[in-house]
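A.B. asks: what follows is a predicted structure for the sequence shown.
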Amino acid sequence: MASIDVAIAGVGSIGFPRSTADSVPVLAERALSAALEDAGLERSSIDALFVHIGSPRGLDYDAVGRLLALDVGVASQTWSHGRFTATLLQHAALMLHHGFARYALCLGAFRNSQFDRHGTPGFPDFAEALRDGGGPHGEQPAAGLLAPVGGAAMATRRYMHVYGLDPDMLGAVAVVQRRAAQRNPAAALQHAITLDDYRSSPFVVAPLRRLDCSIPVDVAVALLLTTTERAGALRAKPVRMLGLQGIHASPNEFVFGQPGLGFNQRDEFTYKPLGAAEPVFAAAGLRPADVDALYCYDGFSTQVLWTLERFGFCAPGEANDWVQHGRIEIGGELPVNTNGGHLSEGHSNGWGHTVEIVRQLRGEAGPRQIEECECAMWATTFGDAIIYGT
Amino acid sequence: MAPESNALPITRFPARGRARELLPPLSPESEQFEKALLQGRLELQECFQCMRLRNPPAPVCPWCCTSGHIWRSVSGRGRVHSWVCYHRAMHPVFAPLVPYVVVCVELEEGPWLVGRLRDTVDTRIGQRVRAVIERWDDGVPVPAFTIDYP
């Protein structure tokens, strides 16, 4: 079984403001300085750089190296889509594990506030909707199917139909994550919402409502990774990567919805998730029941449901019942997105979730702290996952 | 060339815009697709080996991975597989049409095809629909759907 021995040794974040006046380099530097202070590490020790979102929303690796006064011999940068956060961390971990570098900076720094709404022509990746074969979220602009929310809504409608779900009950995820955000001073949205607020929230693309959609924010998160052994000599308590699993791609994979759900996939079939047999659990030597907190990509609220089903926390079609009655709240059976997630903390492409994982596993989450939190998991609708522990 | 007698109806896109600006780059595949639409035919790729139809066009069959294909004319009739309703225009072209419905249709011949559903803001999964060809201001044809009353 593939395994690595790498840990997050330092974190820095500027919080998740709706907009910022500062440039991305200034925000990134603020996050990096905080991470170096957190770890007790010198800037000159960083010899590898992994950048998530490049220009124009963020900064490309070469600009980061130049403007943040780094000197690295290993650098990489992923596609400017949120889905690659865990992949970026995994690539960094592999390079560290195999000795290509000693200390890696993984950077998620980008400003959404300088552009129009995601999915409109004023957003930097609009042209991707015009790819051959359809856009990255199933977009077909000439057919009127525009913006990520369109594909997510199409998959949600099919999901509700296949499993006979009550659309009014979809609000539980949004309400629970907002309650968590109220305990998170860094969250963009902190006012309370109720299930009634959800039901009266306007449709954006029906069946998805405003409160099903994430809130765009400006982000700068720096994570410092090194081997667990080296991390042990630094200031902060190491947060180890116990198991990894890569992002999936195939004719039956769609960024929204589990395989077989039936929109933008080759086949429609009755989904039988691998669940506890997903490789990430074997890599970590753990089972779903061992996970103390789950963090998942929630650009839209239904992605939380699909992730719970894909990774075996509940059976296909049962997630919306499963998340009712406090089960995913702090103090519940499986707390989910205790930072407030993209829906309430702000759309950080998973960087905010990863900061929260570190804080929870170090016992530094303050009013959001989960008791005896020893194992936290990042997992997505797209199939990738990282299990973290101390 | 005059449309065939069983051709799909060709009509105007009900708003103003240039479809070419909202479509993937022109290719031999999209030229074939559009040429057929202008003659009232909806054509999809059919695998030369396993004879399954596929959409969107792809260099190999997604089931048997064979590369050869022919273009096959399909009926344009099908049922709503899923649908959404846009309450906001994500592109200015569609602003006059809001609220508008987009359907993912399972065609009688199997493949799925996405298009706007004309003349309604409500539908249901399983609804019978049929294809209509809409020509935009630049003359480019794009398939849409209308409810197919029995």
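C.D. replies: Great, that's in hand.

A.B. asks: so where is the chain shaky, pLDDT-wise?
C.D. replies: Going with chain A. Residues of chain A meeting the criterion pLDDT under 70: A:1-2.

A.B. asks: should've been chain B
C.D. replies: B:1-5.

A.B. asks: what does it put close to chain A?
C.D. replies: Residues of chain B lying close to chain A by C-beta under 8 Å from any C-beta of the partner chain are B:19, B:22-25, B:27, B:56-58, B:62-63, B:81-88, B:90-92, B:94, B:97, B:100, B:102, B:104, B:112, B:114-116, B:125, B:136, B:142-144. For every residue, glycine as well, the C-beta is placed using N, CA and C.

A.B. asks: now for the longest strand along chain B, which elements pack on it?
C.D. replies: Ranked by residue count under DSSP state E, the longest strand found in chain B is strand B:77-86. Under the contact criterion of 3 or more C-beta pairs under 8 Å, 6 or more residues apart in numbering or on different chains; DSSP states H and E, strand B:77-86 touches helix A:147-163, strand A:203-206, strand B:100-107, strand B:112-117, strand B:128-135.

A.B. asks: nearest to A:R310, of the ones you listed?
C.D. replies: Nearest of those to A:R310, taken as C-beta to C-beta: helix A:147-163 at 12.4 Å.

A.B. asks: mind saving the C-alpha coords of the closest one as PDB?
C.D. replies: Output in PDB follows, covering the C-alpha atoms of helix A:147-163 (Å, rounded to 0.1, in the frame of the first residue of the first chain):
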ATOM      1  CA  ALA A 147     -21.900  28.700 -14.900                       C
ATOM      2  CA  PRO A 148     -20.900  25.900 -12.400                       C
ATOM      3  CA  VAL A 149     -24.300  26.300 -10.700                       C
ATOM      4  CA  GLY A 150     -26.000  25.100 -13.900                       C
ATOM      5  CA  GLY A 151     -24.300  21.700 -13.900                       C
ATOM      6  CA  ALA A 152     -24.700  21.300 -10.100                       C
ATOM      7  CA  ALA A 153     -28.400  22.100 -10.400                       C
ATOM      8  CA  MET A 154     -28.900  19.600 -13.200                       C
ATOM      9  CA  ALA A 155     -27.200  16.800 -11.100                       C
ATOM     10  CA  THR A 156     -29.100  17.800  -8.000                       C
ATOM     11  CA  ARG A 157     -32.500  17.500  -9.800                       C
ATOM     12  CA  ARG A 158     -31.600  14.100 -11.100                       C
ATOM     13  CA  TYR A 159     -30.300  13.100  -7.600                       C
ATOM     14  CA  MET A 160     -33.600  14.200  -6.000                       C
ATOM     15  CA  HIS A 161     -35.600  12.300  -8.600                       C
ATOM     16  CA  VAL A 162     -33.600   9.100  -8.400                       C
ATOM     17  CA  TYR A 163     -33.900   8.900  -4.600                       C
END
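
A.B. asks: distance check, the closest residue to B:A7 other than its chain neighbours against B:R128.
C.D. replies: Ranked by C-beta to C-beta, 6 or more residues apart in numbering or on different chains and with sequence neighbours excluded, the top spatial neighbour of B:A7 is B:G40, at 2.6 Å. B:G40 sits 20 Å away from B:R128, going by C-beta to C-beta, to the nearest Å.

A.B. asks: of the two, who's got more company?
C.D. replies: Higher neighbour count among B:G40 and B:R128: B:G40, with 21 against 14, using other C-beta atoms under 10 Å in any protein chain shown.

A.B. asks: so which helix or strand takes in the more buried one?
C.D. replies: Here B:G40 sits in a region with no helix or strand, counting by DSSP states H and E.

A.B. asks: next one: B:D137
C.D. replies: Per DSSP H and E, B:D137 falls between elements, in no helix or strand.

A.B. asks: I figured it hits B:R16, correct?
C.D. replies: Yes. Here B:D137 reaches B:R16: they are 5.8 Å apart, a contact under C-beta atoms under 8 Å.

A.B. asks: the two: who's more crowded?
C.D. replies: B:D137 (14 against 11).

A.B. asks: please report how far the nearest residue to B:C47 once chain neighbours are set aside lies from B:L44.
C.D. replies: Distances taken as C-beta to C-beta, 6+ apart place B:C61 nearest to B:C47, at 3.9 Å, with adjacent residues excluded. Per C-beta to C-beta, B:C61 is found 12 Å from B:L44.

A.B. asks: what touches both of these two?
C.D. replies: B:R54 (C-beta atoms under 8 Å, 6 or more residues apart in numbering or on different chains).
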